[in-house]
Structures are given as C-alpha cells and as structure tokens.
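In: fold the following, please.
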Amino acid sequence: MKKYAAILVFLVAAIVTMFVMRDRKRYFTHEGVVWTTEYHITYEADRDLGDSIQLILGNLDMSVSPYNKASLISAINENKTTRIDAHLQRLLTASRDVWQQSSGAFDPTVMPLVNAWGFGYKSGVLPSRAQLDSILTFIGLDKVTVHGDSLKKQDPRAMLDFSSIAKGYACDEIGRMLARNGAANWLVEIGGEVMVSGMSSHYKPWHVSVDMPSSENDGNTAHESVMILTLDSGAVATSGNYRKWRVEEGKKLSHIVDPHTGDSRAGTLLSVTVIANDCMHADAWATACMVMGEEKVKNMMEKRHDLGVMTISADTVSGNLVVWSNKPFADQIKAE
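Out: Presented below is the predicted three-dimensional model:
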C-alpha cells in the first residue's frame, strides 16, 4: 500500500507541476534592428529568451554579413581565408539547390554586379556593357566549390553575398532555438521574412500581412496590406523592386540583377511572395522568381505544390496592379 501511495503522490505532483509550468508560460516580444532592417519576434515561453536571440543574430553577423568587415564572408571575399563555418555550409547547400532548380536565376555570386549598379555595399556608377561582360566572366555558383570546410573560387575576384537568403536563414535558426527551449507558439520576422509555429496569443493561427507594392522611393517604408495569410507553420518571404530603385538617364534601375546578363531587372513584375516549409528557401525563391520574370514563374509554379507563390505586376496599359497566385498560395489567404 505504501508503494502505491508513493506512486500516487508522484503522479499527482507531476500533474500539478505540469499545470504550474503551463500557467507560467506567457508571450514575450523582442524588437530591434539587424543588417539595417527591423526584426520582430513573439513567442510563448516560461522565460525570456532574448539573450539567445541576440547570440544567434550576433553569430550570424560575424559569419555571413558582407557589411561587417570582420565577418567570415568578408574575409572570404577579400581572399584572406578559404575556411567556411557551419552557417556558410548550410547557406551554400541551400543556394546551390535553388540555383539548380531556377536555372541559375538565384545566384549568391552576383554581388560584383550589384555593386557595379550601385546597390551593394560599394558605390557604383552606371556600368557600361563592356564592364558588365567583364564581371560576368566570374559570376556563377558553378565557379565556387566546397571541399569539407574549405571553399575554392575559380577566380579570386568572385564574391559571395547571401543577403537574399540570410534573413530567412536567421528566422529558421531563431525558430529552431525557440523550439529547443520548449516554445511551440512563435513568430519570427526579420525584414519582412517570416517564420511561424503554432498559435498567436489570441489562440488563433498567425496572420501574416503581405504588403502592397508602392511606387514611392523617398526612403520611407509604407506598409499597406494587399492581403492576409493564415499560418500555423511554415514561412513567408517577399522580394520586390519597388523600394530599392533609382532612375539613371531616364531608365529605372533595380537592385534585382540578372546573373545571366548582368542587367538590372526593373520590369513590370513588382513583387513576389513565397510560402515554403522553411524561411531560408522561401527567401531564396522569392529572389529567384523576381529574376525569372512573370511568365517563367507562372509556368514553373503552376506545377509545384511545395511552394505557394504570388506575383504582383503592373499593367503598363491600365496602370493597375495584376495579382496572380498558384493554388498552394491561394489556400492560405484569410477569408474576411
């Protein structure tokens, strides 16, 4: 009888502890600026995990930020080292996957072209065709190989820039940390790239707003929602040419650069939003689709069920916006 009584006491204590621990959980919010963009993180936990969030962001800054002169990627770009860490290995693997599937539309070696157009971390002037052709000789992820923890470039002028995938990767890394620490409900947003799990504090799926493209270029960021997505898992990323652009010699130029031709892409496609299982791939595919253009995106994404894709384009005749999406994306639109 004493044995059974002890077991009963243990079970009661375990149940009480479970309810106490559940009641101790609450939603925390962290906001700040990283890589010149804002981040917003909300999660349910039994303690503040802000220090862990800052540790991840700091480690990634020292690893993958080309704007940090002390980072590992800066040392690689300046040919001071060939060593890569675990973060760069994961980013290179994912980048090569999207690069292959997009026929080279997504390419993290495009940095010298972005700099030449004046949209990177170096100021550039309007490049000539000869200058672009010269740079194109060392553009291409096939010109960079990885052997263990060492990276080899065919041409020392080759450079890597993971800006179009790193924010998504950071969202994934923070999400994984939150999950390891017992958080089931969270939203991580960095510069518009979003990763979610579970429910919001209102005990409903997370609502993720997709911005309306704006033609304003005054340095101010307006957030007018074009639609709301409902998600309890997965990621959303948007890429567009309606914020980072300028006019040179009567021509509109964008920070979206085609790695095949070297040209700045500022056509009628204004933005692409992608839903994927992880934010790293959503981020990369959003950029790839912007480079590919409307028709190629529609032809590819109508056949894919692993990615939800929406494009917003400008009708040059009517001046109206044209919205297109495949079925996986349409299924996530919140019915008002």
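
In: now residue 316: how far from residue 269?
Out: Residue 316 is 12 Å from residue 269, where distance means C-beta to C-beta, to the nearest Å. Quick note: C-beta positions are derived from backbone N, CA and C, even for glycine.

In: neighbour count winner among the two?
Out: residue 269 (26 against 8; other C-beta atoms under 10 Å).

In: residue contacts, the more buried one?
Out: 241, 290, 293-294, 297, 311-313 (C-beta atoms under 8 Å, 6 or more residues apart in numbering).

In: what ranges in the stretch 201-336 of the chain fall below the confidence cut-off?
Out: Applying pLDDT under 70 to the stretch 201-336 of the chain flags the ranges 214-223, 242-252, 334-336.

In: which stretches of it form helices?
Out: 279-292, 294-301, 327-330 (DSSP state H, counting those that start in this stretch).

In: ok, the closest residue to residue 320 other than its chain neighbours to residue 264 distance?
Out: Excluding its sequence neighbours, the residue lying closest to residue 320 (C-beta to C-beta, 6 or more residues apart in numbering) is residue 314, at 7.9 Å. Counting by C-beta to C-beta, the separation of residue 314 from residue 264 is 16 Å.

In: compare these two (neighbour count), which wins?
Out: residue 264 (27 against 17).

In: for that one, what are its contacts?
Out: 117, 119, 253-258 are the contacts of residue 264 under C-beta under 8 Å, 6+ apart.

In: got the helices of the stretch 201-336 of the chain as a markdown table, with mean neighbour count columns?
Out: Shown next, in a markdown table, are these (neighbours: other C-beta atoms under 10 Å):
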| stretch | mean neighbour count |
| --- | --- |
| helix 279-292 | 28 |
| helix 294-301 | 17 |
| helix 327-330 | 15 |
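
In: for residue 228, which of the ones you listed is the nearest?
Out: Nearest to residue 228, of all those, is helix 327-330, at 12.7 Å by C-beta to C-beta.

In: for that closest one, which outside residues touch it?
Out: Here helix 327-330 makes contact (C-beta under 8 Å, 6+ apart) with 273, 275, 304-310.

In: quick one: buried ones out of those?
Out: By neighbour count, with 16 or more other C-beta atoms under 10 Å, those hold 273, 275, 307-310 as buried.

In: if we can go back for a sec, out of the contacts of residue 264, which is nearest to residue 324?
Out: residue 256 (18.1 Å).

In: what count of nearby residues applies to that closest one?
Out: 25.

In: contacting residues around the closest residue to it other than its chain neighbours?
Out: Counting by C-beta to C-beta, 6+ apart, residue 265 is the residue found nearest to residue 256 once chain neighbours are left out, at 4.3 Å. Counting by C-beta under 8 Å, 6+ apart, residue 265 touches 241, 254, 256-258, 290-291, 293.

In: separation between residue 265 and residue 89?
Out: If you go by C-beta to C-beta, the gap between residue 265 and residue 89 works out to 29 Å.

In: again, but for residue 302
Out: 33 Å.

In: the two - which one has more neighbours?
Out: Counting neighbours by other C-beta under 10 Å for residue 302 and for residue 89 shows that residue 89 has the greater number, 14 against 11.
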